[in-house]
Structure formats: structure tokens, C-alpha cells
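S.K.: structural data only, the sequence is not supplied:
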């Protein structure tokens, strides 16, 4: 190995992994917002449903606008605790009559589910935020009847039918709080354990009774599309369905020491969890770290609800407002999953070779911004050939005069200079470029 290369490699010092970094924004104070809100639910498009008083509001990320759903024709006059699916459909509950209403975003229509034939009657539970749920097929799980003697039911939008979930073989006769995923699985608290009903096999499993299961009684249950289950109480316990094991978050360093917990928490497919214990917390399973979201500069304490979507954007309450926590590791204003250099700040997202080489925008292939792409020969690794064959011959070049040196101008200032080496190439020696963005 040439001595110059050995010196360059010796100068590279890898950094330690850090906990998730977020940008925070007050959503309800954006133009057109109601100025307050609670119990936000976020879908994978970034749309957020929440309520203010007895008004249900929908923020549409694509349009950047708010709609008061309860002011639309055919809507209930009052509603709270909206649930949202990927299409922007909502289910909500009238706090007076306790009727359940379904809003279909594509048609703008409302259906009072409580008035449908076969509906068994409204819930009498005092906590209305945990007794119904909605999935992408417009199925709705819900509780009916007495708080302790009621049952859990499933409305199927495709057939219009309503069928019981509790009382099936292997399950509990009674149930209360419930969650529904896109597979049609229903998780419910069945006095005292958590039961998971799977329509694919028409079977129910007592999840608490699985080997290693928690001996805990709680209404705070979360369910992912993969069948993962989380219990939120004095501990937060995660059942990982594919592994068949249980993880106690309280056993991990940094877990908040509080005996207080609350409902309306969030779990996604990456097993990231948002939960409340004296404050709203985020758990990152990739490095087992915990991040406090509210009660920090710019985000007031108070508020006990939060949800998280599949790209890790969190909607939660801080004081009387709804906030967004947007993953942005390099704090350049570009969300991590959309950032072509997620660990190096590059607000302009410059990428001179985006359409010409092996890291271009091809389906399933990562592409990288200039600020994190010192792999000038596109062999998948920043190594000696990038410096000697590609960078060094261009050193001092004005890229407007020598366009072939554009890729070596890593900081985009128009000149290939020492700054490009010390800022971008040297820190990447021995590493792959990126991390960048993977095209769908």
C-alpha cells in the first residue's frame, strides 16, 4: 500500500453511532390549523388526524392544508378520537351518543356504523379513545356494551357485515380495548390477558400465555401489521412475532423510571415505539435508545398521546398543541428517508451523477448526494483508486472548464480543492458511499 494512502487511512477516525435526531414542528400552529389539538394519529403519507374540542381535523401532508372534518356535509356535529388509515379514511366517535362514524376520503361520504343492521350497541366504556380502530380495508374493530361485560366486534366494509371477535375458540368471552391491523387481525384486552384473533386461520391466541409472556394486566395494547404486540404499563413489553420472543424495554439502559403510563401510544413495522411515562418517549430498536419528545426547548410538557408511521415520523401532543417529530439526523431540513445524504447536511440535495452511473435512480438501488458520494469510480467503496485515479488529477480544477471533474467537486463550490478532500473524501475512506435514498 502506498505510504500516502496509509497516511490518509490513518487520519480517518470512525465516529460512534448516535441516537435518533429529530426536527420538531408545531403542526396545529401552521396556517389554517386550529391552533390546538390532541390525540394525533399519523398515516404513512404523513396525513394527521386529531381533534380540538369536539371538532375532528385532518391535515393532508401532500396539499399542506387542513380540513375540519366535522364541518363537512353529512358529518356528525361532534366527534373525537379519530383513527386514520393510509388512504385518509377516518373513524371517529360522537362523545354524546357514542355512535361510530366512518368517513371515506375518496367519496367524502359519512356512514353512521351504529345505525347499521346487526350493530350490537354502543360502548359504555369511559375511555373512548381505545375502544375502536380502523385499517386500510375500512374494517373497524369496536367495543360494545358494558365496560367489564361488553364484547369486541368487527365491521367489514366489503360485505357490510358485523361479526363478533370475542367468544371465538381460544379467545375470551368478553373484551374491551382493541387494535386492528391491515391483515384483519384484532388484538383485544380479554380480562385480564391480551388475545390476538387471526381471521386467516379463524383462531385466537392468548399472547400473554406464550412462553416468556408478561404477567401484566393493561388496556394499553399496540399491534403492528406483522403481528407484533406491545403492552404499555410500568414496563413496555414488545412481543416480536417473527422471533416468538418478548423484549422488556425496562431492562434496557435509559428506560424512563416512572410507574405512570397512559394510552394512545404507537408502534410501527420497524418496532419503533412511542409511549408516555411522565413525558412522551421514543424507543429506537436499532440501537435500543430512548429519546424524550416533549418537555424540551420549543416543545412544552403535557399531552399524553403519540403515534408513529412507517418512516418514523411521529405526531404527538405537547401542551395543548400537536407537534411533529421528523427524523433528520444531519439537521439539514430534509427528512431522513428522503435525504440522499442522511448523515451529512446537504439541504440542496445536489447529485451531479444522479442519472449517469451505478448509483443512479434505479428501482431498489441507493443513490447518493454529492456530499456523501466520494466513491468517484462507483465501485461501491471509497478507496485508493478514488483518490489517485479520480480525485488527485482533478485537484485545483474549475469544473466549468473541466466538466469531467464535476463529481470530484464534492462540496459543489465549482472548484476541486483541499476542502473537498478534508470534508468529504477523507472521512469516507474505507467506507461505502451514503447512506442515501433507495428508489422504490
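M.R.: Here it is on my side, so go on. What you see is a predicted model, and the numbers here were worked out from it, not measured in a lab.

S.K.: residue ranges with poor pLDDT in the protein?
M.R.: By pLDDT under 70, the low-scoring segments of the chain are 1-18, 259-263, 354-365, 439-440.

S.K.: show me the domain layout of it.
M.R.: Domain assignment for the chain, taken from automatic domain parsing, gives 3-15+338-438, 22-328.

S.K.: how about the strands in the stretch 201-350 of the chain?
M.R.: 203-206, 221-223, 229-232, 236-240, 245-248, 266-267, 273-276, 280-284, 289-292, 306-308, 314-318, 321-327 (DSSP state E, counting those that start in this stretch).

S.K.: and the last one, what does it pack onto?
M.R.: In terms of contacts (3 or more CB pairs under 8 Å, 6 or more residues apart in numbering; DSSP states H and E), strand 321-327 is packed against strand 22-26, strand 48-52, strand 314-318. Any C-beta I mention is one placed from the backbone N, CA and C, and that applies to glycine too.

S.K.: adjacent strands (with direction) for it?
M.R.: strand 22-26 (antiparallel), strand 314-318 (antiparallel) (DSSP bridges).

S.K.: buried residues in it, which are they?
M.R.: Residues of strand 321-327 classed as buried: 321, 322, 323, 324, 325, 326, 327 (neighbour count, 16 or more other CB atoms under 10 Å).

S.K.: could you do the first one as well?
M.R.: Within strand 203-206, the residues that qualify as buried by neighbour count (16+ other CB under 10 Å) are 204, 205.

S.K.: off-centre distance for that strand?
M.R.: 27 Å (CA atoms, centre = their mean, to the nearest Å).

S.K.: picking that back up, to residue 383, which of the helices and strands packed on strand 321-327 lies closest?
M.R.: strand 22-26 (34.0 Å; CB to CB).

S.K.: what's the first helix or strand after that closest one?
M.R.: Going down the chain from strand 22-26, the next helix or strand is strand 38-42, by DSSP states H and E.

S.K.: hmm, who's touching that following strand?
M.R.: Residues outside strand 38-42 that contact it (CB atoms under 8 Å, 6 or more residues apart in numbering) are 27, 48-52, 80-84, 129, 264, 303, 305-309, 313-317, 320, 322.

S.K.: same question for stretch 404-411.
M.R.: By CB under 8 Å, 6+ apart, stretch 404-411 touches 352-353, 370-371, 373-374, 376, 390-391, 394-395, 397, 399, 415-416, 419-420, 423-425.

S.K.: what about residue 395, neighbour count?
M.R.: By the measure other CB atoms under 10 Å, the count of residues near residue 395 is 15.

S.K.: can I take it that residue 421 is in a helix?
M.R.: Yes - counting by DSSP: H, G, I helix; E, B strand; the rest coil, residue 421 falls inside a helix.

S.K.: residues near it, how many?
M.R.: Quick note: residue 421 (other CB under 10 Å) scores 19 neighbours.
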